[in-house]
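J.: Mind looking at a prediction? Sequence and model below.
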Amino acid sequence: MFKVYSRYGIGIAVILIAYFLFLKLVGLHQYPVLSAANGLIYGGGMFMAIKHYNSHKTKLKYEKGFEVGLLCGGIATIIFVIFMAIYMYQIDTEFAAHIMDAWNLEYELGTFMLLISLLIMGFATSLILTLAFMQLLKNSWNTQDGNRNTL
């Protein structure tokens, strides 16, 4: 199971980094609204990870699928936050100031606050998407015999 969520978590992080660098190349990296596509990237990768794990098992246990999705998103989040920390502290030190100006916030810990925000948003996205996907992919408790007793 470690291979599944680590492979997909690293894959999600690589795609997130590539998407950010593409936005930087085009000049749109300073618009936080474009980070909404990160949810699609997380969702696609986590869904594929849970489906991949499910394809090797005869019956998907809810807690195992939940673990795969949550850890996959957690690994992706940590790698992406490390990349963004390197980017904001070493490569483009003015990036955080531009984002904070766009939000009309003037805090001394602008870069650190952005990193904490990225971390919280990544973990929250992972949790919500894992809960949603497990509702779709879990085994139903409804049986053929139970359907016979409905109105």
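T.: Received, thanks.

J.: When you work out contacts or count neighbours from here on, use the C-alpha atoms and nothing else.
T.: Will do.

J.: any idea how far the biggest helix by length in the chain is from the chain center?
T.: Longest helix in the chain, counting residues (DSSP state H): helix 110-137. Relative to the chain's own centre, helix 110-137 is displaced by 6 Å; criterion: Cα atoms, centre = their mean, to the nearest Å.

J.: buried sites along it?
T.: Using 16 or more other Cα atoms under 10 Å as the test for burial, helix 110-137 gives 110-111, 114-115, 118-119, 122-123, 125-127, 129-131, 133-134, 137.

J.: do stretch 53-72 as well
T.: Within stretch 53-72, the residues that count as buried by 16+ other Cα under 10 Å are 53-54, 60, 65-72.

J.: which stretch of helix or strand covers the residue most central in space within the chain?
T.: In the chain, the residue lying closest to the centroid (Cα atoms, centre = their mean) is residue 42, at 3.7 Å. Here residue 42 sits within helix 37-55, counting by DSSP states H and E.

J.: quick one: average pLDDT of that helix?
T.: For helix 37-55, mean pLDDT is 87.

J.: gap between the two ends of stretch 33-41?
T.: With Cα to Cα, to the nearest Å as the measure, stretch 33-41 spans 15 Å from end to end.

J.: residues in contact with it?
T.: Around stretch 33-41, the neighbours that count as contacts under Cα atoms under 8 Å, 6 or more residues apart in numbering are 12, 15-16, 125.

J.: buried subset of these?
T.: 12, 15-16, 125.

J.: between those, which is closest to residue 85?
T.: Closest to residue 85 out of those is residue 16 (14.0 Å), distances taken as Cα to Cα.

J.: that older thread, just the ones of the buried ones among the contacts of stretch 33-41 in strands?
T.: In strands, judged by DSSP state E, none of those are found.

J.: Between all of the residues you listed, which two are separated the most?
T.: Using Cα to Cα, the pair of those lying farthest apart is 15 and 125, separated by 15.8 Å.

J.: Could you measure from residue 94 over to residue 67?
T.: The span separating residue 94 from residue 67 equals 38 Å under the rule Cα to Cα.

J.: What of residue 130?
T.: Distance check for residue 130 against residue 67: by Cα to Cα, it reads 9 Å.
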